[in-house]
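>>> How does the following fold in three dimensions:
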Amino acid sequence: MILTLVATLAIVVQDHTSLRAEPRSNGAEMTALWQGDVVEIRGDAAGYLKVYDYHRERGGYVKSEAVRPLGLTETDAPALLAVLRFIRDSPGSEALGISYGAAYLKAAPPAALTAEPFAAIASMAERLADTASGNVQRAAVTAHLGVVEQFGIRMRSFERNGRMRLCYDGELFQRVLSVPGASPAERAQAALGLTRPDCIDPSLGPAVRSSLQEQRAEVLDQVDIRELDALTKSRVHARRAAVWASVAFDQARRGAVPKLAAQRALTELLAVNPSALGADRRAEYDDAAVRVSAIRWAVVSPTAQTGPLTLSATPGEPGQTCIELQQPPQRRAAPPVRRCTYGIVWMASAQAIPQAPALVVAVQPLESWRELWVFHESAGAWTIDVVSPGLDDPEQGYVDFAGFAPGTRRLLVAREVKDRGQFRRRFELVRLDDLALVRYASTPDLLRDFGRWQDVNWRRDTLALRH
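Numbers count the residues shown, from 1 in each chain. You can find the predicted model right below:
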């Protein structure tokens, strides 16, 4: 909620403005004021204004050029809105812009209020939170957070991947969605602000998280994309794809059928125009693509397995699925190869490699993390090895089985991972016997075995070949 402002005020427009005990440059500095701070004017003397800061409960003198008098009558509203429009897209001036936005909300008559000031203030609050979450360690950023807190701008903080993440709580984005006359662009901006995946608290339990994903999907479905520009339209499609991928995973984990949600995720992703996003927004598309890739097997219905190697799935402990390799007739006396997991076993992905012999299956233990389990014979005994998207606690990723080169006994693998905020995609040749990496490239065209032995179904369905 925006704090009510009082009259006879001025806004500080310069960072680290000294509040001095006397109206002179060598007067004792009692504290520093920052852009966006609001003070009450109580007099002037020799180029200084005598002011009182209610937030710090302290009075003193500041240079007159460091502040701007603030009118809060209805006639002042147009000028305040003009300043807000000028500042809203100026990085580093978020606290000042939010202060002017609060002043406009006080000055403008309720009947004249539109979604514009709420959207502007919310976007600046979001940008300030992003700045505070980055690598920039500046006293000004911390001070600006204190300034906007005076106006009811609340932030949430939590640890993600070993770093503190700060996020705007989105109250004014919700307000934008509730304003009947909000434009499609304003509603889209609000929906994107309310559904950021990096602003989901990682400590949320499964039930709360599942409910949140449903809410995120509903918020995005309120956006009418028909009148949006190409950039915003693709951003909404990409966000919808990511959210519906999360919904599909939650449904599968609860035992519901996730096919429709997964198909919706894939449809939304295919509607994205990557070139419209440009280099600055490319990461949003890649993020959605990785999330959809992780659940893409939910779209495929399992079919009857044939051949000497098949896989069966049975319930284990509560929440577990146990998978067992059914061996050839001549090996029936051998102990079964069995492993249980709390992840989702996508049985439609099970694929036998008779030439090896071996069998691969996709297993998804986390919302945006899919592994490849490889059943193969080693030293006369069957074993199960796991090919992971990455190491050292990456954020999300998937592994695709792309084929098998029988002459060299190499698996063809496509792997994509987000690690330290960067997306890496590569195509690999992996030795079946010990899963050691033999060779990799940024494109399958650079690997001869991919040209000859890649699986045609993989090439048709995978998202790893996107441009």
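>>> What about R339, how many residues nearby?
By other CB atoms under 10 Å, the residues close to R339 number 16. Using the backbone N, CA and C atoms, a C-beta is placed for each residue, glycine as well.
>>> which SS class is the spatially closest residue to S133 that is not a sequence neighbour?
Spatial nearest neighbour of S133, excluding adjacent residues (CB to CB, 6 or more residues apart in numbering): L166 at 4.7 Å. Here L166 is recorded as strand under DSSP: H, G, I helix; E, B strand; the rest coil.
>>> ok, now which ones touch L166?
Neighbouring residues of L166 by CB atoms under 8 Å, 6 or more residues apart in numbering: 129, 132-133, 145, 155-157.
>>> mind running it again at 10 Å?
Each residue near L166 by CB atoms under 10 Å, 6 or more residues apart in numbering is listed here: 128-134, 141, 145, 155-158, 199.
>>> Any of those buried? List them.
Listed as buried from the contacts of L166 are 128-133, 141, 145, 155, 199; burial here means 16 or more other CB atoms under 10 Å.
>>> so which two of these are the farthest from each other?
Spanning the widest gap among these are V141 and C199, at 17.7 Å by CB to CB.
>>> Setting aside sequence neighbours, what's the nearest residue to L49?
S64 (5.2 Å).
>>> Quick check: the one you found touching A10?
Yes. If you go by CB atoms under 10 Å, S64 and A10 touch, sitting 9.1 Å apart.
>>> Common neighbours of the two, please.
41, 49.
>>> In TSV: the contacts of L166, plus secondary structure and pLDDT.
Formatted as TSV, the contacts of L166 follow (DSSP: H, G, I helix; E, B strand; the rest coil; pLDDT from 0 to 100):
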residue	secondary structure	pLDDT
L128	helix	95
A129	helix	95
D130	helix	93
T131	helix	92
A132	helix	91
S133	helix	89
G134	coil	80
V141	helix	91
L145	helix	94
M155	strand	95
R156	strand	94
S157	strand	92
F158	strand	89
C199	helix	93
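>>> What residues of the one helix or strand V219 maps to count as buried?
Using DSSP states H and E, V219 sits in helix 206-221. Across helix 206-221, burial judged by 16+ other CB under 10 Å covers 209-210, 212-213, 216-217, 219-220.
>>> what's the answer for stretch 385-394, then?
Residues of stretch 385-394 classed as buried by neighbour count (16+ other CB under 10 Å): 385, 387, 389-390, 394.
>>> Show me what the mean pLDDT comes to for the longest helix anywhere in the chain.
Counting by DSSP state H, the longest helix found in the chain is helix 230-253. Helix 230-253 carries an average pLDDT of 97.
>>> now swap in stretch 355-365 and tell me
Here stretch 355-365 scores 94 as its mean pLDDT.
>>> and L391, how far is that from V360?
From L391 across to V360, the span is 20 Å (CB to CB, to the nearest Å).
>>> cool, L465 as well?
19 Å.
>>> where are the low-confidence patches of the stretch 1-150 of the chain?
Where the stretch 1-150 of the chain drops to pLDDT under 70, the residues are 1-7, 135-137.
>>> Select from the buried residues of stretch 385-394 every entry located in helices.
Among the buried residues of stretch 385-394, no member falls in helices (DSSP H).
>>> G71: which of these is nearest?
When these are compared for distance to G71 (CB to CB), P394 wins out at 53.1 Å.
>>> Who are the contact partners of the closest one?
With contact taken as CB under 10 Å, 6+ apart, P394 is in contact with 161, 369, 388, 417-420, 422, 424.
>>> if we go to 7 Å?
P394 makes contact with 417-419, according to CB atoms under 7 Å, 6 or more residues apart in numbering.
>>> try V179
114-115.
>>> With L96 instead?
Applying CB under 7 Å, 6+ apart, the residues contacting L96 are 13, 35-36, 87.
>>> Also Y61?
20, 22-23, 27, 48-50.
>>> Let's see that with 8 Å instead.
19-23, 27, 45, 48-51.
>>> List just the nearest of those residues to L311.
Comparing those against L311 with CB to CB picks out L19 as the nearest, at 72.1 Å.
>>> so what's the closest one bridging to?
Assessed by DSSP bridges, L19 has beta-bridge partners T31.
>>> residues in contact with it?
Per CB under 8 Å, 6+ apart, neighbours of L19: 29-33, 51, 53, 58, 60-62.
>>> Tell me how far it lies from Q174.
For L19 relative to Q174 (CB to CB), the value is 36 Å.
>>> related to what we said a few turns ago, next, find the distance separating the residue nearest to S133 from L269.
29 Å.
>>> now swap in A414 and tell me
17 Å.
>>> Same check on I295?
From I295 to L269 the distance is 11 Å (CB to CB).
>>> the more surrounded of these two?
When I295 and L269 are compared on other CB under 10 Å, the one with more neighbours turns out to be I295, at 29 against 24.
>>> just checking, that one touches R264?
No. Between I295 and R264 there is no contact under CB atoms under 8 Å: 11.0 Å.
>>> if we can go back for a sec, between the helix holding V219 and helix 230-253, how big is the angle?
150 degrees (axes from the mean of the first three to the mean of the last three CA atoms, to 10 degrees).
>>> Can I get helix 206-221 in PDB, CA atoms only?
What follows is helix 206-221, C-alpha atoms only, in PDB (Å, rounded to 0.1, in the frame of the first residue of the first chain):
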ATOM      1  CA  PRO A 206       4.800 -29.500  -2.500                       C
ATOM      2  CA  ALA A 207       1.100 -28.700  -1.700                       C
ATOM      3  CA  VAL A 208       1.600 -24.900  -1.500                       C
ATOM      4  CA  ARG A 209       3.800 -24.900  -4.600                       C
ATOM      5  CA  SER A 210       1.300 -26.900  -6.600                       C
ATOM      6  CA  SER A 211      -1.500 -24.400  -5.600                       C
ATOM      7  CA  LEU A 212       0.900 -21.500  -6.600                       C
ATOM      8  CA  GLN A 213       1.500 -23.000 -10.000                       C
ATOM      9  CA  GLU A 214      -2.300 -23.200 -10.700                       C
ATOM     10  CA  GLN A 215      -2.600 -19.500  -9.600                       C
ATOM     11  CA  ARG A 216       0.200 -18.500 -11.900                       C
ATOM     12  CA  ALA A 217      -1.400 -20.200 -14.800                       C
ATOM     13  CA  GLU A 218      -4.700 -18.400 -14.100                       C
ATOM     14  CA  VAL A 219      -3.000 -15.000 -13.900                       C
ATOM     15  CA  LEU A 220      -1.300 -15.500 -17.300                       C
ATOM     16  CA  ASP A 221      -4.500 -16.700 -18.900                       C
END
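>>> No further queries at this time; thank you.
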